[in-house]
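[1] Sequence isn't available, so here's the structure alone:
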């Protein structure tokens, strides 16, 4: 993971203790094994995808919600493989050259290689989870996978639209991002050592921090800098993705609302100029306040959950870390 991501997660890792670090190490080892096990070319692309960075937030959620054991490691690996598969397929759809500052599979291998790599990661995710023998766990990840696909369709349908409401944006974010965070927590609870009565609360925690994560990710797309995000400011503008900062800014700036961004934004310099205009409206602060609300909802959900104190503390810190990504 990046040095910035590692710094933000230090308190979480410290609270999780040696157990969490061991579990994440096992996850990395298994991810490497999976990426290398299906031929040289696919293996090379899969390995590049899995080692390009990332905070492994979703595997952390599996372990912090569930505890320790082989089934939880399989679930953590499955969640991360599914997440990486969606990123590779997104890069194909967006024709993206960079992700986290590294060339994408689409850039280095072309559309066919990237599509095949995403398919491999996707299929291996369910193979890993099937090894647990839990039909309920497979159903939970399948539901998240379906939500991710629906969210992508919503995002494509809304591209460049000037009529996307905050409610529509949150619906899309629930599907595209929060569903997998929620699934990670649900899988941990299903396969771990918590009571069945805590499953819904932990899944709700994951959903709320997933919403906060997406909102703040969209804030970072506008605020940058590129050295931190690994992409140009305004990348979402360039591909027509309508985010919460843009929705809020359009409501505050009638001239911005009247602009046809499809015609106005065709290169990074133009996108950065629009980002500056969005920032002037105060939309970034307003979006951040909404993210803070979802973090508070997430932390409140932990109140009725019986977890080991160190795991509960780590989840609390992980929720706070969603906000620290913006600072």
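    That came through fine. Keep in mind that what you see is a predicted model, and the values were worked out from it rather than measured.

[2] after the lowest-mean-pLDDT helix or strand in the chain comes which helix or strand?
    Here the helix or strand of the chain ranked lowest by mean pLDDT, DSSP states H and E is helix 226-229, holding a mean of 60. Counting by DSSP states H and E, the next helix or strand C-terminal to helix 226-229 is helix 235-238.

[3] What's the mean pLDDT across that next one?
    What helix 235-238 shows for mean pLDDT is 91.

[4] other SSEs contacting that helix?
    Helix 235-238 sits against helix 199-223, helix 268-280, with contacts defined as 3 or more CB pairs under 8 Å, 6 or more residues apart in numbering; DSSP states H and E. In short, each C-beta sits where N, CA and C put it, glycine included.

[5] Setting aside sequence neighbours, what's the nearest residue to the residue nearest in space to the middle of the chain?
    In the chain, the centroid-proximal residue (CA atoms, centre = their mean) is residue 177; its distance is 5.4 Å. Spatially, and ignoring its direct neighbours in sequence, residue 177 is nearest to residue 214 (4.1 Å; CB to CB, 6 or more residues apart in numbering).

[6] Could I get the contacting residues of that neighbour?
    173, 176-178 (CB atoms under 8 Å, 6 or more residues apart in numbering).

[7] Name the residues of the strand or helix carrying residue 77 that are buried.
    According to DSSP H and E, residue 77 maps onto helix 70-94. For helix 70-94, burial by neighbour count (16 or more other CB atoms under 10 Å) applies to 71-92, 94.

[8] Repeat that for stretch 167-186.
    In stretch 167-186, counting by 16+ other CB under 10 Å, buried: 168-170, 172-186.

[9] sorry, back to before: what's the closest of the helices and strands packed on helix 235-238 to residue 299?
    Among the helices and strands packed on helix 235-238, the nearest to residue 299 by CB to CB is helix 199-223 (8.0 Å).

[10] Can you give me the buried ones in the closest one?
    Result for helix 199-223 [16+ other CB under 10 Å]: buried residues 199, 201-223.

[11] tilt between it and helix 268-280?
    120 degrees (axes from the mean of the first three to the mean of the last three CA atoms, to 10 degrees).
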